[in-house]
Structures are given as structure tokens and as C-alpha cells.
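Participant: here is my input; please provide its structure:
(one chain, ligands or ions: 3)
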Amino acid sequence: MKVRIAIPSKGRISGPSVSLLEKAGIGLTDNSSRKLFSNTFDPEISVMFTRAADIPVYVADGAADIGITGFDLTQEKNVDVEFLDDLKFGATRLVVAAPENSDFNTVDDLKNVKIVATEFPHLTQKYFEEKNINATIMPLSGATEVAPLIGVADVIADLTSTGTTLKMNHLHEIDTIINSSVRLIANKESLKTKYEKIEAIRTGILGVLHAERKKLIMANVHKSNLDDIKSAMPGMSGPTVSEVYGDENMVAVHSVISETEVFETINKLRKIGAKDLLVLPIERILENK
Ligand SMILES: Nc1ncnc2c1ncn2[C@@H]1O[C@H](COP(=O)(O)OP(=O)(O)OP(=O)(O)O)[C@@H](O)[C@H]1O
Ligand SMILES: O=P(O)(O)OC[C@H]1O[C@H](OP(=O)(O)OP(=O)(O)O)[C@H](O)[C@@H]1O
Ligand SMILES: [Mg+2]
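Facilitator: Ligands and ions are numbered 1, 2, ... in the order given. Okay, the predicted model is just below:
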């Protein structure tokens, strides 16, 4: 049964989405920038490239079975989809921001807002309605930061992550409307009819996320040092020990450790007399069922 995945065709979450699929073993056979569809290494999985903002709607309608897009966009479109996993990239916040030297400094000041410019009219309307503020929403399709500067809006509701864009445009943050990161979403019906295939894709993707910031460390050590080695090597379930052919006094050990522990572990292993040390990247870690 064929599964179609919708991924962003451009913008900052497009590249990471393609690379996540590739690392999960679902490499694209045709990734030229103008293509709307691509097959993958798996004949039962195809990819559809669309605007990130349209992915929630395509997945809700079943035009795609699953999709990779921002949580913010799923909430803006207010769609009925299944949220499978937080893919831990594209972390951002939709915030209300005002010019630095304006009368809008605190959440309380927002009651005087007349016009809000935003690419997120639905979420912004909801936010102001919940606060009983009768503001007019001005929908824009980009560069909202300019609206207060040219006098067409009092405040804006826009995405921020590092805060650089707000600062550059002399705007300051007043409140957060919603926190977002990139999610794997699924069509509710597809999740029932294509459950196994969708689960297999999830397993591949989660394997990549688990492997992030992890390294495989390998070394040869003298058998008499094995106890010390065990305590020096934090592993998923302790180090794996195997025979070294041609030298019965030596054993090979390997273990998965966090990137942050590599430096310390190598130093400890060297002190214990470990030889032929290797630190290797890991592509995927698949959980035991
Ligand atoms: N500054 C940011 N930091 C982290 N994630 C962000 C940031 N800006 C946007 N995102 C995430 O990426 C999604 C898509 O935004 P992006 O600006 O890349 O695409 P877009 O605006 O649809 O593209 P374009 O306007 O170029 O067609 C957002 O909805 C949000 O989830
Ligand atoms: O807090 P910062 O790290 O500065 O990020 C915020 C900016 O990122 C997004 O735009 P993007 O860079 O995706 O460009 P776009 O306006 O073309 O969509 C968003 O619309 C902000 O303008
Ligand atoms: Mg953008």
C-alpha cells in the first residue's frame, strides 16, 4: 500500500526535512528543486513537495498520508490531523511585538491595540478575542516587521527564534501566542488503513532522532582491564565485548555514548591502556520492540 509524505518545498524547514528522510533510509530518487513529486528508495513511499503552510490541509484531506511541518501552521489552519512525533527542529514562537518606543510595553497595554499585522490571522484573532480586545487583524504574507514602522499597524504577531529580526527592526516582544517545532502529522484514516507502513516510517525517523549527538566508541583492551573499562564506558547496556583474533589476551569493546562524554571517555580509556581507539558517527538507533 503506497504512502505519500508531504514535505516543505522551500523555506528553512525544507532542507532538514529531506535530510531527516534520507538518514532514515527513505532517500529521494529525484530531488531537483522544481519537482512536485519524488519516488524514494522504498517503492511504497513517495514524497510530495508543497508549501509548509499547505501541508496541514493536504494531510487533513488525505492528499498526503503523512506530513512534516510546523506545529504553528497546523494550529493556524485548525485542521483535524493526528500528531505523531515532535521532530525537534524548527523551534520557534509566535509572539506579539511592538515598536521599542511605543505605548505598547506590557500585555496590559495591548487593550489599546487597533491593528495587528500578521501571517497568522487565525491564531492572532483567537489570542485577541480571548483577551476581549477588539483589534482588527491585517493579514500579510511576509515581512510583517515593517508594518508598524510604516504606520499601517500598531503591533505585529510574528515568528521569532533568536530574536535577531525583531531587534533589527526595533521591535520588542510583549507576549507569546504559541510555541512551535516541526511535527510529523498523519491523516486519521490513513493511520488506520496504512498503519504498518506509517509505523515503519516513524521507526526510521525516530531512529535518526535517537542517534543524534551519539557516537560509537571502539577500542582494544587487555582482558585484565575489563572491569575498569566497564566503569569507564557508559553505554546503552554496558560495553559489548568481543574476541580479538590472534591475541587471546586482548578483547575489543564498543559502546554508544553521548557526544558530550566522548572527550572524557577517551581520556579514561587511554589511562587504562586501551589501544586502537575509534570514535564513529551513528546514523540510526532502533529501539527494541
Ligand atoms: N525563525 C525561525 N526559527 C525556527 N523555525 C522557524 C522560524 N521561522 C519559521 N520557522 C518554522 O518554519 C515554518 C516555515 O517557515 P518558513 O519561513 O521557512 O517558510 P515560509 O514562510 O512558508 O516560506 P516562504 O515564505 O519562503 O515560502 C514556520 O511555520 C515555522 O514552523
Ligand atoms: O528570531 P529570528 O531568528 O530572527 O527569526 C525570525 C524570522 O524568521 C522567520 O523568517 P524567515 O527567516 O523564515 O524568512 P521569511 O520572512 O522569508 O519567511 C520569521 O518570519 C522571522 O522574520
Ligand atoms: Mg517565513
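Participant: might you enumerate the residues of the stretch 51-200 of the chain proximal to ligand 2?
Facilitator: 142, 158-165 (C-beta under 6 Å from any ligand atom). Glycine gets a C-beta too; all of them are placed from N, C-alpha and C.
Participant: run the last query once more with 8 Å
Facilitator: With the criterion set to C-beta under 8 Å from any ligand atom, the stretch 51-200 of the chain comes near ligand 2 through 92, 119, 142-145, 158-168.
Participant: strands - which of those land there?
Facilitator: Within those, residues falling in strands by DSSP state E are 92, 158-160.
Participant: can you tell me which two in these are farthest apart?
Facilitator: 92 and 158 (9.9 Å; C-beta to C-beta).
Participant: so for those two, which residue has more residues nearby?
Facilitator: More neighbours surround residue 158 than the other of residue 92 and residue 158, with 28 against 20 (other C-beta atoms under 10 Å).
Participant: so that one touches residue 93, yeah?
Facilitator: No: Residue 158 is beyond contact range of residue 93, at 9.6 Å (criterion: C-beta atoms under 8 Å).
Participant: can I see the domain layout of the chain?
Facilitator: Domain ranges of the chain: 3-90+181-210, 92-179, 213-281, per automatic domain parsing.
Participant: so what's residue 252 up against?
Facilitator: 218-220, 241-244 (C-beta atoms under 8 Å, 6 or more residues apart in numbering).
Participant: part of a helix, is it?
Facilitator: No: counting by DSSP: H, G, I helix; E, B strand; the rest coil, residue 252 falls outside a helix, being strand.
Participant: identify the bridge partners of it.
Facilitator: residue 220, residue 242 (DSSP bridges).
Participant: how much space between it and ligand 1?
Facilitator: 42 Å (C-beta to the nearest ligand atom, to the nearest Å).
Participant: pLDDT score assigned to that residue?
Facilitator: We have a pLDDT of 93 for residue 252.
Participant: give me the residue at the spatial middle of the chain.
Facilitator: Central residue of the chain (C-alpha atoms, centre = their mean): residue 89, 2.5 Å from the mean position.
Participant: distance of that one from ligand 2?
Facilitator: For residue 89, the distance to ligand 2 - C-beta to the nearest ligand atom - is 13 Å.
Participant: can you check residue 148 too?
Facilitator: Taken as C-beta to the nearest ligand atom, the span from residue 148 to ligand 2 is 14 Å.
Participant: near that residue, how many other residues are there?
Facilitator: Count around residue 148 with other C-beta under 10 Å applied: 23.
Participant: isn't there a helix covering it?
Facilitator: Yes: secondary structure of residue 148 (three-state DSSP): part of a helix.
Participant: verify the stated contact: it with residue 157.
Facilitator: No: applying C-beta under 8 Å, one finds residue 148 not in contact with residue 157, separated by 11.5 Å.
Participant: what touches both of those two?
Facilitator: Counting by C-beta under 8 Å, 6+ apart, the residues touching both residue 148 and residue 157 are residue 117.
Participant: still on that earlier bit, packed most tightly, which of the domains of the chain would that be?
Facilitator: Compared across these, domain 3-90+181-210 shows the largest average neighbour count, a mean of 19 (mean count of other C-beta atoms under 10 Å).
Participant: quick one: mean pLDDT over it.
Facilitator: Mean pLDDT, domain 3-90+181-210: 95.
Participant: can you tell if it touches ligand 1?
Facilitator: Yes: counting by C-beta under 8 Å from any ligand atom, contacts between domain 3-90+181-210 and ligand 1 involve 8, 10-14, 51-53, 69-73, 89-90, 181-182.
Participant: just how off-centre is that domain within its chain?
Facilitator: The chain centroid and the centroid of domain 3-90+181-210 are separated by 12 Å, computed with C-alpha atoms, centre = their mean, to the nearest Å.
Participant: that one: end-to-end distance?
Facilitator: Domain 3-90+181-210 has an end-to-end distance of 24 Å (C-alpha to C-alpha, to the nearest Å).
Participant: try stretch 52-71
Facilitator: 10 Å.
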